[in-house]
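S.K.: Provide a 3D model corresponding to the input given below.
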Amino acid sequence: MTRFPKSAPGGSVLADGRTLRDLAVLLGGGGLAVLGLALAQVPAALLVGPVLVATWLGVRGTGLRIPAGPHEAAQGVAGCMIAHYLTPEIALRIVDLWPFVLVFAAMTLALACLAGLLLGRLTQVEEEEAIWGFLPGMAGAVIAMSNERGLDSRVVAFIQLVRLIAVIVVMSVVSRLMFDTTAVPPQAGGAAFHPGVLPTLALAATGPLAARCLSFLPAAATLVPLLLAALLQGGGWVDLALPGWLLFCAYFVLGAHVGLRFSPRIIRGAMAVFWPVILFSLGLMGLCGVSGMILAWLVGVDLLTGILATVPGSIETIAIIAVNAKADLSFIMTMQVIRLFAVVLAGPPIARALSRMVRRRPLALVAPPGE
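M.R.: Prediction:
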């Protein structure tokens, strides 16, 4: 049965007049959006601006795509940024807090599965695909695993992308309105051409290599540079630097990659469940926010740190929001990384088990063949 119409192939930039014009709109409009959001002191303005402009272009049917190499390198920069804020004390902290880390990581996973199950029961989305769509962590890894499982990965991708954009926009606004934050990006390296930029670029370049050679590792393009950078910096062998221009480029690529993955065909095929997906995404964020408040009270971290530690976003986007909001990045990343591996290990069998429990005849998400 037809589910989603096939969308245009990604991974390349089509060199025609319209696409070049769209590229100019993405760069110019994205830059203006970043400036406006930064003036409004929205955290993660460097990420939110490109997401919004790229989503608008994607829905209009642009041929623009972010190639895999630059996207994975941008993930590598995000990994280096996370590593810059990690300290040797984190290991001791994890040992002290491990019961809370495991319980709340499992709670977020359970809430995500529940949201997917309810979406499948109340709409035309097949239950297992809906559950996969709400699995938190790295959207790309979840989409790839769902495709290997034989599911319609476009359904999973749609839910993942809507949820991810909702997390980025809502958490940026919430951290701005409820907490006294600014949109100033982290300037880890100070000067634009600090000597530490070179090792940072070299480590970020391991992202694309890791994505190809370690495809079995979830979020390899982020985690491998993160681990290497943390080890080298912790041992005193490198001094990482993340000047504003480098962060701008990385954030822009990450944000544009999310937005450009939408297409008119996917949107048309998904309009029947668009608002339910939005509502369930917001509901999941709300429940995770409540659990984050409880976590913050139990372990003694600030409220924003607790919420960001449990919110179901992509690991690099949560890191960007956390840094801009001056939250406790080390605690947040501990929770997010452990949850990521919990999703990879436990997510597929849980999704299969739940879908078998409530199996029913799948319904088409788009019009039946022949219409």
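S.K.: do you know how far the most centrally placed residue in the chain is from L47?
M.R.: Centroid-nearest residue in the chain: S314, 2.4 Å away (criterion: C-alpha atoms, centre = their mean). With the distance defined as C-beta to C-beta, to the nearest Å, S314 ends up 11 Å from L47. C-beta: built from backbone N, CA, C; applies to glycine.
S.K.: W275 too?
M.R.: Applying C-beta to C-beta, the value for W275 to L47 is 25 Å.
S.K.: Between these two, which is the more surrounded one?
M.R.: Of the pair W275 and L47, L47 is the one with more neighbours under other C-beta atoms under 10 Å, namely 30 against 10.
S.K.: average pLDDT across the helix or strand where that one lies?
M.R.: Per DSSP states H and E, L47 falls inside helix 45-59. Per-residue pLDDT over helix 45-59 has a mean of 85.
S.K.: Show residues contacting whatever helix or strand L35 lives in.
M.R.: Element membership for L35 (DSSP H and E) is helix 17-39. Here helix 17-39 makes contact (C-beta atoms under 8 Å, 6 or more residues apart in numbering) with 13, 45-46, 48-50, 52-54, 57, 62-64, 183, 248, 252, 255-256.
S.K.: I figured I165 hits V258, correct?
M.R.: Yes - look at I165 against V258 with C-beta atoms under 8 Å: they come within range, at 6.4 Å.
S.K.: Now the common contact residues for those two.
M.R.: Common contact partners of I165 and V258 (C-beta under 8 Å, 6+ apart): V51, T55.
S.K.: Is it possible to mark the buried ones in the contacts of helix 17-39?
M.R.: Buried residues within these, counting neighbours by 16 or more other C-beta atoms under 10 Å: 45-46, 48-50, 52-54, 57, 62-64, 183, 252, 255-256.
S.K.: and these, which two are the farthest apart?
M.R.: Between any two of the buried ones among the contacts of helix 17-39, the greatest separation by C-beta to C-beta is 31.3 Å, found for G63 and A183.
S.K.: these two touch, right, the residue nearest to the centre of the chain and L164?
M.R.: Yes - if you go by C-beta under 8 Å, S314 and L164 touch, sitting 5.7 Å apart.
S.K.: in the chain, which helix or strand is least confident?
M.R.: Every helix and strand of the chain was ranked by mean pLDDT, DSSP states H and E. The lowest is helix 139-148, at a mean of 66.
S.K.: What segments of the stretch 201-350 of the chain are helices?
M.R.: In the stretch 201-350 of the chain, the helices defined using DSSP state H, counting those that start in this stretch lie at 206-213, 220-234, 244-260, 264-299, 303-310, 315-324, 329-357.
S.K.: got these as a markdown table, with mean pLDDT and distance to H84 columns?
M.R.: As requested, the helices of the stretch 201-350 of the chain are arranged in a markdown table below (pLDDT from 0 to 100; distance: least, C-beta to C-beta, whole Å):
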| stretch | mean pLDDT | distance to H84 |
| --- | --- | --- |
| helix 206-213 | 90 | 15 |
| helix 220-234 | 86 | 7 |
| helix 244-260 | 87 | 11 |
| helix 264-299 | 86 | 23 |
| helix 303-310 | 91 | 17 |
| helix 315-324 | 80 | 9 |
| helix 329-357 | 80 | 9 |
